[in-house]
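Enquirer: the sequence isn't on hand, but the structure is:
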């Protein structure tokens, strides 16, 4: 069983690569359907695959794991694979703490470097850089999947020497993940995609245009990067920036 969260496809791609007859469970879908109860088969592995946000957990991942209820007879092997552009800080340790509160053990953690997608802060990589990242990521993914299949235990995610400052980055994330700067241009065709896929349920279509009804969201950047008309921006910063979607995976238009 693999629980994954993916705003623009990077983590979904890794989840599909890691899938070995296991069920893939979209965290966004589970949150929208208030589905947090799952039964674990004997011998079944549990995976959590998601991107790092400000060296920690995306808010929706934290919310989901805190609400998650796993029914299991034995102690399942639990791992995480965290996608990042550089390093993961203490995101795996944050996950470990939540799992520990549920009497669950995180057996191993990995990271996979992927192209940048946080368009609200960074320029999106150009096509050449994206292709280089994706080529290198294939090697990392193969190694990670091999280790998972062999139940290798340990912390292998690249966290860098700045990891101790994760708690500061987490606080910054909780401050900056506001929605007040989102805006919509006349290019919007009222397709409703942004409302459907928002993991925070922060968007509603009103009078033919998306409106952010919550003060904060996860800042997954899915609404900006996935808008077919490039009609959504976050202030002036994103207007001239490229959009990014992982080219190797198909994203669900409902979630």
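Expert: Cool, the structure landed. Quick caveat: nothing in here was measured; it's all calculated off a predicted structure. Residues are numbered from 1 along each chain as shown.

Enquirer: hmm, what's the outermost residue in this protein?
Expert: Distance from the C-alpha centroid of the chain, by CA atoms, centre = their mean, peaks at residue 207 (30.2 Å).

Enquirer: state the phi and psi torsions of residue 198.
Expert: phi -60, psi 120 (degrees, to the nearest 10).

Enquirer: count the neighbours of it for me.
Expert: Residues lying near residue 198 (other CB atoms under 10 Å) number 25. (Each C-beta comes from the backbone N, C-alpha and C, glycine too.)

Enquirer: for it, which residues are in contact?
Expert: The contact partners of residue 198, taken as CB atoms under 8 Å, 6 or more residues apart in numbering, are 217, 222, 223.

Enquirer: quick one: pLDDT of it?
Expert: Residue-level confidence at residue 198 comes out at 97, pLDDT.

Enquirer: from residue 189, how far off is it?
Expert: With distances taken as CB to CB, to the nearest Å, residue 198 is found 17 Å from residue 189.

Enquirer: what ranges do the helices span in the chain?
Expert: Along the chain, the segments classed as helices by DSSP state H run 10-18, 27-32, 59-67, 91-101, 127-149, 166-176, 193-197, 222-226.

Enquirer: can you put these in JSON lines and add distance to residue 211 and mean neighbour count?
Expert: Shown next, in JSON lines, are the helices of the chain (distance: least, CB to CB, whole Å; neighbours: other CB atoms under 10 Å):
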{"stretch": "helix 10-18", "distance to residue 211": "27", "mean neighbour count": "24"}
{"stretch": "helix 27-32", "distance to residue 211": "18", "mean neighbour count": "20"}
{"stretch": "helix 59-67", "distance to residue 211": "20", "mean neighbour count": "20"}
{"stretch": "helix 91-101", "distance to residue 211": "31", "mean neighbour count": "19"}
{"stretch": "helix 127-149", "distance to residue 211": "32", "mean neighbour count": "15"}
{"stretch": "helix 166-176", "distance to residue 211": "20", "mean neighbour count": "15"}
{"stretch": "helix 193-197", "distance to residue 211": "9", "mean neighbour count": "20"}
{"stretch": "helix 222-226", "distance to residue 211": "12", "mean neighbour count": "24"}
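
Enquirer: how close does residue 248 sit to residue 218?
Expert: 23 Å.

Enquirer: tell me which of those two has more neighbours.
Expert: residue 218 (24 against 14).

Enquirer: what residues are up against the nearest residue to residue 96 once chain neighbours are set aside?
Expert: Counting by CB to CB, 6 or more residues apart in numbering, residue 96 lies nearest to residue 106, which is 4.3 Å off, once chain neighbours are set aside. Listed by CB under 8 Å, 6+ apart, the contact set of residue 106 reads 78, 79, 80, 92, 95, 96, 99, 100.

Enquirer: hmm, residue 68 and the fifth one touching each other?
Expert: Translated: residue 95. No - counting by CB atoms under 8 Å, residue 95 sits too far from residue 68 to count as a contact (11.1 Å).

Enquirer: quick one: closest of the helices of the chain to residue 243.
Expert: Ranking the helices of the chain by proximity to residue 243 (CB to CB) places helix 222-226 first, at 4.7 Å.

Enquirer: and the closest one, what does it pack onto?
Expert: Packing contacts for helix 222-226, counted by 3 or more CB pairs under 8 Å, 6 or more residues apart in numbering; DSSP states H and E, involve helix 193-197, strand 232-234.

Enquirer: contacting residues around stretch 245-255?
Expert: 6, 8-10, 12-13, 16, 26, 28-29, 32, 114-115, 130, 134, 193, 196-197, 225-226.
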